[in-house]
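Student: here is my input, please return the structure:
(one chain, ligands or ions: 1)
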Amino acid sequence: MPAFKAPRGTRDILPEEAHYWDFVTDVASRLCSSFGYERIETPVFESTGLFLRGVGEGTDIVEKEMYTFEDRGGSSLTLRPEGTAPVCRAYIEHGMASLPQPVRMFYLAPAFRYERPQAGRMRQHHQFGCEVIGDASALIDAEVINMSWQLFERLGLKGLRLKLNSIGCDRCRPAYIDMLKAYYEPRADMLCSDCKTRMEKNPLRLLDCKEAACQQIADNSPKSADCLCPDCHEHFTSLRNYLDTAGLDYDVSHRLVRGLDYYTRTVFEIQPESTGSQSTIGGGGRYDRLIEQIGGRPTPAIGFAAGIERIILNLKEQNIDVPGIHSPKVFIAHAGQEARIEAFSISNILRRCGIGIITAAEGKSLKAQLRQANNLGMKIVVIIGEEELREGVVVVRDLESGSQEKVDKVSLAGILSAFRMDDSGLYNNQCQV
Ligand code: HAM
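Tutor: Below you'll find the model as predicted:
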């Protein structure tokens, strides 16, 4: 047993998995840029109060899952359990209300929740998220939902369902909650113990209980979409029209309420068809009161986040091929002290020409170096020995055909130009060793 292991609920991202991460983050970033979203990254920890007020004291996240600690100066800090409240804090702090509205932002960041770990549920996970702040119109809701859907489409994932609901606003929700309570009260004995607490603290969450008996009761409960005020009703109708126009298929799911307290009106989730809500791959919604709740001026907003680990699990389950990592194909081998120094210097010059190079380490025989080049899947080995040094040449061996030739050092960059990995910056046509 090793002395130390990664903490429970966390995972190392090993080099062999890195191409999945590169693929997902690259597709997500490009997609966001094409919709005019710009990247924002906030600190890994924030004042605890931000999440108490932002995410909501009655939520599982705040009650049971936050990594909260006091720092050496006595401040209470919390590792970010989600990305929306921090982005809103940044919006207020940096006066983004004075920018042209809405402000469109996205992030790729770790989040921390003390949950019971299982496949796809981690204590440290990573989110790709986007937030659009400063616009209340249904058109923006449709944009965010459409962009989320396109993310999964571009990743090649199949068999996903879009679930949609409207949970109303401060004007219509209280009456709906009363109706919900009136429905649940005579059925209280049949509920699980968590739902009994929810009845008091957070009745909306009764609707997404995972217990079978509670789900049956929830299925027949009053629907928030039937209790919307005229403005919320119009907003929801308009959103559905936009989604229909975009050809997006969705299910209106009256039990969809989401686990964070800040949502108003639109809520949505994207789930694999075959599994339950535990495996929700992404979700989001409108949060028109959040900015005000954490000290800003009333500002409408909407956003979405997806778990990168869950996306990768789905890519693997669906056997989706993702592009391999672009890695060097030229290996430089050397024999003898002077050749080693020459190899080091030639490698550096070739890299400045944009060519990807792996240089053999010290202390291995030439045979061992060549074996390593083969094992690494290199295409070309450049060999520098004492004889080559004396003659001012190098040997270029093609590992696929096995052929090799001696070439003048000055022509090396030209010969290897097919292995350029980087067209930017220092490369120029006169580049030579
Ligand atoms: P959330 O639904 O709590 O929403 O998390 C977003 C996504 O993060 C989930 O759909 C899931 O894929 C992933 N996720 C959440 N918890 C875990 C976990 N323990 N392990 C692995 N993956 C997880 C939010 O966080 C909101 N801030 C989304 C949002 C943005 N709403 C508006 N703007």
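Student: which bits of this structure sit near the ligand?
Tutor: Counting by CB under 6 Å from any ligand atom, the residues of the chain close to the ligand are 82-84, 113, 115, 120-122, 125, 127, 129, 131, 259-260, 280-285, 287, 303-307, 309-310. C-beta: built from backbone N, CA, C; applies to glycine.
Student: can you flag which of these belong to helices?
Tutor: Among these, the members falling in helices (DSSP state H) are Thr84, Glu309, Arg310.
Student: let me have these in a markdown table, extended by neighbour count.
Tutor: Output for these, formatted as a markdown table (neighbours: other CB atoms under 10 Å):
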| residue | neighbour count |
| --- | --- |
| Thr84 | 27 |
| Glu309 | 20 |
| Arg310 | 21 |
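Student: now those residues in TSV, with distance to Thr266 and pLDDT?
Tutor: Output for these, formatted as TSV (distance: CB to CB, whole Å; pLDDT from 0 to 100):
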residue	distance to Thr266	pLDDT
Thr84	14	98
Glu309	26	96
Arg310	22	96
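Student: so which of these is the closest to Val381?
Tutor: Proximity of those to Val381 (CB to CB) peaks at Glu309, which lies at 37.9 Å.
Student: setting aside sequence neighbours, what's the nearest residue to that closest one?
Tutor: His125 (5.3 Å; CB to CB, 6 or more residues apart in numbering).
Student: and that neighbour, how many residues sit next to it?
Tutor: 19 (other CB atoms under 10 Å).
Student: then the one 4 residues further on?
Tutor: Burial of Gly129 is recorded as 25 neighbouring residues (other CB under 10 Å).
Student: contacts only, for it.
Tutor: Counting by CB atoms under 8 Å, 6 or more residues apart in numbering, Gly129 touches Gly83, Thr84, Val87, Phe106, Tyr107, Ala109, Gly284, Gly303, Phe304, Ala305, Ala306.
Student: ok, Gly168 next?
Tutor: Gly168 touches Tyr176, Ser224, Cys227, Leu228, Cys229, Cys232, Thr264, Arg265, counting by CB under 8 Å, 6+ apart.
Student: show me what contacts the residue nearest to Glu309?
Tutor: Per CB under 8 Å, 6+ apart, neighbours of His125: Pro110, Ala111, Arg113, Gly307, Ile308, Glu309, Arg310.
Student: try Gly303
Tutor: Thr84, Val87, Gly129, Cys130, Glu131, Val132, Val144, Gly284, Gly285, Tyr287.
Student: just flag the most distant two among those.
Tutor: So, those by CB to CB: farthest apart are Val87 and Gly285, at 14.4 Å.
Student: please, where are all the helices along the stretch 251-400 of the chain?
Tutor: Along the stretch 251-400 of the chain, the stretches classed as helices by DSSP state H, counting those that start in this stretch are 290-293, 308-317, 337-352, 366-375, 386-391.
Student: for the closest residue to Phe268 other than its chain neighbours, name its beta-bridge partners.
Tutor: Leaving aside its sequence neighbours, Phe268 sits nearest to Leu164 (CB to CB, 6+ apart; 4.8 Å). Following DSSP bridges, Leu164 is listed with bridge partners Val252, Phe268.
Student: what does Phe106 give?
Tutor: Bridge pairing for Phe106 - DSSP bridges - gives Arg39, Cys130.
Student: I'd say Gly36 and Arg104 touch.
Tutor: Yes. The criterion here is CB atoms under 8 Å, and Gly36 meets it with Arg104 at 5.5 Å.
Student: low-confidence regions, this structure specifically.
Tutor: Applying pLDDT under 70 to the chain flags the ranges 275-278, 423-432.
Student: Arg161: which element?
Tutor: Arg161 belongs to strand 160-166 when assigned by DSSP states H and E.
Student: next one: that strand to chain centre, how far?
Tutor: 20 Å (CA atoms, centre = their mean, to the nearest Å).
Student: comparing Gly36 and Arg104, which residue is more hemmed in?
Tutor: Neighbours per residue (other CB under 10 Å) separate Gly36 from Arg104, with Arg104 holding more: 22 against 10.
Student: what sits against the more buried one?
Tutor: So, once contact is read as CB under 8 Å, 6+ apart, Arg104 ends up touching Phe35, Gly36, Tyr37, Glu38, Cys130, Glu131, Val132.
Student: that one sits in which helix or strand?
Tutor: In this assignment (DSSP H and E), Arg104 forms part of strand 103-112.
Student: may I have that strand exported as PDB, CA atoms only?
Tutor: What follows is strand 103-112, C-alpha atoms only, in PDB (Å, rounded to 0.1, in the frame of the first residue of the first chain):
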ATOM      1  CA  VAL A 103     -22.500  40.000 -20.100                       C
ATOM      2  CA  ARG A 104     -21.700  36.500 -21.400                       C
ATOM      3  CA  MET A 105     -19.100  34.500 -19.500                       C
ATOM      4  CA  PHE A 106     -17.900  30.900 -19.300                       C
ATOM      5  CA  TYR A 107     -15.600  29.000 -17.000                       C
ATOM      6  CA  LEU A 108     -13.900  25.600 -16.600                       C
ATOM      7  CA  ALA A 109     -13.200  25.100 -12.900                       C
ATOM      8  CA  PRO A 110     -13.100  22.600 -10.100                       C
ATOM      9  CA  ALA A 111     -15.900  22.400  -7.600                       C
ATOM     10  CA  PHE A 112     -16.000  20.700  -4.200                       C
END
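Student: so how far is that strand off the chain centroid?
Tutor: 8 Å.
Student: and the end-to-end length of stretch 284-297?
Tutor: One end of stretch 284-297 sits 22 Å from the other (CA to CA, to the nearest Å).
Student: ok, now stretch 300-313?
Tutor: Start and end residues of stretch 300-313 are separated by 34 Å (CA to CA).
Student: on that earlier part again, what's the strand holding Arg161 in contact with?
Tutor: Taking CB under 8 Å, 6+ apart as the rule, strand 160-166 contacts 145, 149, 152, 224-225, 228, 232, 235-236, 239-240, 243, 248-257, 265-273, 281.
Student: distance of Asp170 relative to Pro81?
Tutor: 24 Å (CB to CB, to the nearest Å).
Student: alright, I will stop here.
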